[in-house]
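Engineer: 3D, please:
(2 chains)
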Amino acid sequence: NAGVTQTPKFRVLKTGQSMTLLCAQDMNHEYMYWYRQDPGMGLRLIHYSVGEGTTAKGEVPDGYNVSRLKKQNFLLGLESAAPSQTSVYFCASGGTVNYEQYFGPGTRLTVT
Amino acid sequence: TQLLEQSPQFLSIQEGENLTVYCNSSSVFSSLQWYRQEPGEGPVLLVTVVTGGEVKKLKRLTFQFGDARKDSSLHITAAQPGDTGLYLCAGSGGTSYGKLTFGQGTILTVHP
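Structural biologist: Numbers count the residues shown, from 1 in each chain, chains lettered A, B, ... in the order given. As a prediction, the model looks like this:
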């Protein structure tokens, strides 16, 4: 099992460009999450999904959109990137008991 | 809003020393989880505690859930350089359906 995979691992964008981060999990988990991690800020939840076709806003959703068309995939989109979105992005998946989460390796995004 | 406060924020110790990290809240949680994150990687789940007063051991790591399920501690005995990393506590339950409340984390450095 690959667990949780994220694509790409690194990306540099210019202000105003758009991109999509892909997260895939092979553990048949119902729940999936997107976080960003900045120095001194811990993990902040952007959006999450409690099932295929459903999404919900987290703590810092502005500037991001998500979609979960298939149970195993969770996409995070940036429509018009801003320097404030420079961060490391983590995807996680988890089950319905205690919401234990399994994280991907992260995507390091720089917006210039 | 549920909050989890971790202390200390930073911990720098010598190999062989013992340490304790605390995770406190005014809210009751259904479960408390501890994650460890090494540089450049995603967080990895170490343990979940679900019963008030519960103690779990993982080799040199001892995890405790408070009797009132509002706090938790992580104790490491005879720390080793391989224990270096960011330790995060996270709680489930209460008003946060489908998602975890994360603490800000404790950065542990163990010097050889």
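Engineer: can you list the residues of chain B near chain A?
Structural biologist: By the rule C-beta under 8 Å from any C-beta of the partner chain, the part of chain B lying against chain A is B:30-31, B:33, B:40-45, B:48, B:50, B:88, B:90, B:92, B:97-100, B:102-105. Bear in mind the C-beta positions are built from the backbone N, C-alpha and C, glycine included.
Engineer: Filter those residues down to the ones in strands?
Structural biologist: The members of those that map onto strands under DSSP state E are B:31, B:33, B:44-45, B:48, B:88, B:90, B:92, B:97-100, B:102.
Engineer: Wondering if stretch A:76-91 reaches chain B at all.
Structural biologist: Yes. Part of stretch A:76-91 sits near chain B under the criterion C-beta under 8 Å from any C-beta, namely A:F90.
Engineer: Nearest residue to the middle of chain A?
Structural biologist: Chain A has A:W34 as the residue nearest its centroid, 2.9 Å off, counting by C-alpha atoms, centre = their mean.
Engineer: The residue nearest to A:Q25 when sequence neighbours are not counted and B:G103, how far apart?
Structural biologist: The shortest distance from A:Q25 to any non-neighbouring residue, by C-beta to C-beta, 6 or more residues apart in numbering or on different chains, is to A:S93 (4.0 Å). Using C-beta to C-beta, to the nearest Å, A:S93 is found at 21 Å from B:G103.
Engineer: Go ahead and measure how far the strand ranked longest in chain A is from the middle of the chain.
Structural biologist: The strand spanning the most residues in chain A, taking DSSP E as the definition, is strand A:42-51. Its chain's average C-alpha position is 7 Å from that of strand A:42-51, according to C-alpha atoms, centre = their mean, to the nearest Å.
Engineer: Let me see the mean pLDDT of it.
Structural biologist: Taken as a whole, strand A:42-51 carries a mean pLDDT of 95.
Engineer: tell me which residues in that strand are buried?
Structural biologist: Buried residues in strand A:42-51, counting neighbours by 16 or more other C-beta atoms under 10 Å in any protein chain shown, are found at A:42-43, A:45-50.
Engineer: quick one, it and strand B:96-102 angle?
Structural biologist: Counting by axes from the mean of the first three to the mean of the last three C-alpha atoms, to 10 degrees, strand A:42-51 lies at 160 degrees to strand B:96-102.
Engineer: Perfect, that will be all.
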